[in-house]
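1. I'll drop the sequence and a predicted model, then ask my questions.
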Protein chains: 2
Amino acid sequence: MCGHCGCDTQPPVQTRVIDLHRDLMDANHRQAAHNRAYFHRQRLTALNLVSSPGAGKTTLLEITLQQLQGRRPALVIEGDQQTELDAARIRATGTPAVQVQTGQACHLDASMVHGALHELPPAPGGLLFIENVGNLICPAQFDLGERARVVLVSVTEGDDKPLKYPGIFRDADLLLITKTDLLPHVNFDPARCLAHARRIRPQLPALQLSATSAEGLDGWLDWLRQLDTEGD
Amino acid sequence: MCGHCGCDTQPPVQTRVIDLHRDLMDANHRQAAHNRAYFHRQRLTALNLVSSPGAGKTTLLEITLQQLQGRRPALVIEGDQQTELDAARIRATGTPAVQVQTGQACHLDASMVHGALHELPPAPGGLLFIENVGNLICPAQFDLGERARVVLVSVTEGDDKPLKYPGIFRDADLLLITKTDLLPHVNFDPARCLAHARRIRPQLPALQLSATSAEGLDGWLDWLRQLDTEGD
């Protein structure tokens, strides 16, 4: 009995969740390993882009794909709960894109990515951008088989986000601080954001950019270039 | 066998998830009903504030609590994966606050709120603000026993968010468009955002405000005043 409000205390439901969670994670790891081997054979460098909703992932991809055009093949997998909006924006740049509509699911998993791969043309030596569902929490646990995980934090979100949502930074390979054109109008300190992120992931590389003003875009394109296609 | 890359097709894991999901939802509904009855007895009007990370929930609460001071009692439950940062900010306004650190969990559920209630003083006739974990997806499914659900969308996130994350708008009682001081610097049409939200939830009321400039704050305070304390 709960003395405060007279309710029956209920058995903790967590006990049953954890076992299933392990099964799900094991299945995802197997599928991610399969995807990784496939990317290796296809000489595809896969990136998993994660962030809050509205941090500017699609806008960044649009400008990045324009820059890559004629230089390096690229493919895109878009994850959203609903709509084909983002895949349509990507296709308008001339890049093949598949939209995964996750419905109730709050993240992409390795099997969704695997399914989407079947609908994309080969692009040996190219880049595969996987734009995850906008969510700073759930995608953290799902390896997609990617070469690198890029976490975007926009300057409008607050520089405390790495402390509040540490899981997504734990396996990150790059922190990308976006919308820097808005810095004069918000209370956000990029150095503090990075310091917070490095408490979770020491030595995490970081870049700043604005997809609107194109400031910082060269650094991002350089970072993409130096990523080898051979996996870890 | 998957013809594309030679893998064994795996049995769909979804089948096992759905059954457990129903059990979890049933347990949550029971706990939410218990919370609702408790709020009714205590004459507490509970609000569930949901949004993407960094949409300005805590900043809105700070300014709201300052306005309520001396007029109406208020309590706050803060949800975050980690840190006590937000509860500390709320306590600095003189309002009692409990921080729930959800760990791996991506949302508050009714039992977490129930646990937090035990640590708060009585506040008959008052407002209880429950600031959910920053996440536009997972909190949608978890009734906390609240009187009203308020969805915040900041103008920096893009006005397509209701279409992409419809679940959170389905049971919303108010759309609060925040950070309107940034409207001159971003490509966001409040009317379009509201039209998108009303495709999911017809007649959804909406307000716009900036917690920085205090523009629109009166409308929000009026809306709070007109919420009765008797539940639905």
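-> Right, received. Where do you want to start? Note that the structure is a prediction, hence the values are computed from the model and not measured.
2. And the closest residue to A:Thr95 other than its chain neighbours, how far from A:Leu127?
-> The shortest distance from A:Thr95 to any non-neighbouring residue, by Cβ to Cβ, 6 or more residues apart in numbering or on different chains, is to A:Leu65 (4.8 Å). The way it works is simple: take the backbone N, C-alpha and C, and place the C-beta from them, glycine included. Separation of A:Leu65 from A:Leu127 (Cβ to Cβ, to the nearest Å): 9 Å.
3. between those two, what contacts are shared?
-> A:Ala74 (Cβ atoms under 8 Å, 6 or more residues apart in numbering or on different chains).
4. if I read this right, A:Leu224 contacts A:Leu128, doesn't it?
-> No. If you go by Cβ atoms under 8 Å, A:Leu224 and A:Leu128 don't touch, sitting 11.7 Å apart.
5. the strands in chain A, which residues?
-> A:45-50, A:74-80, A:97-101, A:127-131, A:148-154, A:174-178, A:206-208 (DSSP state E).
6. Sheet-wise, list the partners of the last one with their directions.
-> Which is strand A:206-208. Partners of strand A:206-208 in the sheet, by DSSP bridges, are strand A:174-178 (parallel).
7. Longest helix in chain A, by number of residues?
-> The single longest helix within chain A, with elements called by DSSP state H, is helix A:14-42.
8. can you pull the buried residues of that one?
-> A:Leu24, A:Ala27, A:Asn28, A:Gln31, A:Ala32, A:His34, A:Asn35, A:Arg36, A:Tyr38, A:Phe39, A:His40, A:Gln42 (16 or more other Cβ atoms under 10 Å in any protein chain shown).
9. CSV for those, including pLDDT and distance to A:Leu209?
-> As requested, these are arranged in CSV below (pLDDT from 0 to 100; distance: Cβ to Cβ, whole Å):
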residue, pLDDT, distance to A:Leu209
A:Leu24, 83, 35
A:Ala27, 95, 36
A:Asn28, 96, 31
A:Gln31, 97, 32
A:Ala32, 98, 28
A:His34, 97, 33
A:Asn35, 98, 28
A:Arg36, 98, 28
A:Tyr38, 96, 30
A:Phe39, 97, 25
A:His40, 95, 29
A:Gln42, 94, 28
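10. Can you name the two of these that sit furthest apart?
-> The most widely separated members of the buried residues of helix A:14-42, counting by Cβ to Cβ, are A:Leu24 and A:Gln42 (26.4 Å).
11. which regions of chain A sit below the pLDDT cut-off?
-> Within chain A, the ranges that satisfy pLDDT under 70 run A:1-20, A:228-232.
12. Now do the contacts for A:Pro162.
-> Residues in contact with A:Pro162 (Cβ under 8 Å, 6+ apart) are A:Val153, A:Phe169, A:Leu175, A:Cys193, A:His196, A:Ala197, A:Arg199, A:Ile200.
13. shouldn't A:Lys174 be in contact with A:Gln226?
-> Careful, residue A:174 is Leu; it's not Lys. No. The pair A:Leu174 / A:Gln226 is not scored as a contact, 11.2 Å apart, by Cβ under 8 Å.
14. Those two: who's more crowded?
-> A:Leu174 (19 against 6; other Cβ atoms under 10 Å in any protein chain shown).
15. and the closest residue to that one other than its chain neighbours, bridged to which residues?
-> The shortest distance from A:Leu174 to any non-neighbouring residue, by Cβ to Cβ, 6+ apart, is to A:Val150 (4.7 Å). Beta-bridge partners for A:Val150, by DSSP bridges, are A:Leu49, A:Leu174.
16. again with the one 4 residues further on
-> With beta bridges defined as DSSP bridges, A:Ser154 has these partners: A:Thr178.
17. thought it was touching B:Ser154?
-> No. The pair A:Ser154 / B:Ser154 is not scored as a contact, 9.9 Å apart, by Cβ under 8 Å.
18. Surely A:Asp189 touches A:Asp159?
-> Yes. Shown here, A:Asp189 and A:Asp159 form a contact pair, counting by Cβ under 8 Å, at 5.3 Å.
19. State the distance from the residue nearest to A:Leu174 to chain B.
-> 17 Å (Cβ to the nearest Cβ, to the nearest Å).
20. same thing with A:Thr212?
-> Taking Cβ to the nearest Cβ, one finds A:Thr212 at 9 Å from chain B.
21. next one: A:Glu62
-> 13 Å.
22. now do A:Gln208
-> 16 Å.
23. Once you drop chain neighbours, what's closest to that residue?
-> A:Ile177 (4.4 Å).
24. which residues does the one you found contact?
-> A:Ile177 is in contact with A:Leu152, A:Val153, A:Ser154, A:Val155, A:Pro190, A:Cys193, A:Leu194, A:Ala206, A:Leu207, A:Gln208, A:Leu209, counting by Cβ under 8 Å, 6+ apart.
25. cutoff 10 Å now
-> Residues in contact with A:Ile177, defined by Cβ atoms under 10 Å, 6 or more residues apart in numbering or on different chains, are A:55, A:151-155, A:157, A:159, A:183, A:188, A:190, A:193-194, A:197, A:206-210, A:216.
26. that older thread, need the overlap of contacts for A:Ser154 and B:Ser154.
-> Joint contacts of A:Ser154 and B:Ser154 (Cβ under 10 Å, 6+ apart) are A:Gly54, B:Gly54.
27. Is A:His29 in contact with A:Ser111, as I believe?
-> No. Here A:His29 does not reach A:Ser111: they are 11.4 Å apart, not a contact under Cβ atoms under 10 Å.
28. sorry, back to before: overlap in contacts, A:Asp189 and A:Asp159.
-> Common neighbours of A:Asp189 and A:Asp159 (Cβ under 10 Å, 6+ apart) are A:Ala195, A:His196.
29. More neighbours: which of those two?
-> Per other Cβ under 10 Å, whichever of A:Asp189 and A:Asp159 has more neighbours is A:Asp159, with 22 against 12.
30. Run through the residues that contact the more buried one.
-> A:153, A:177, A:186-197, B:54 are the contacts of A:Asp159 under Cβ under 10 Å, 6+ apart.
31. List just the nearest of those residues to A:Leu144.
-> The closest of the contacts of A:Asp159, once distances to A:Leu144 are taken by Cβ to Cβ, is A:Val153, at 19.9 Å.
32. State the number of residues packed around the closest one.
-> Number of residues near A:Val153 (other Cβ under 10 Å) recorded here: 32.
33. how near is it to chain B?
-> 8 Å.
34. same deal with A:Ser111?
-> In terms of Cβ to the nearest Cβ, A:Ser111 sits 7 Å off from chain B.
35. Kindly report the same for A:Gln82.
-> Applying Cβ to the nearest Cβ, the value for A:Gln82 to chain B is 6 Å.
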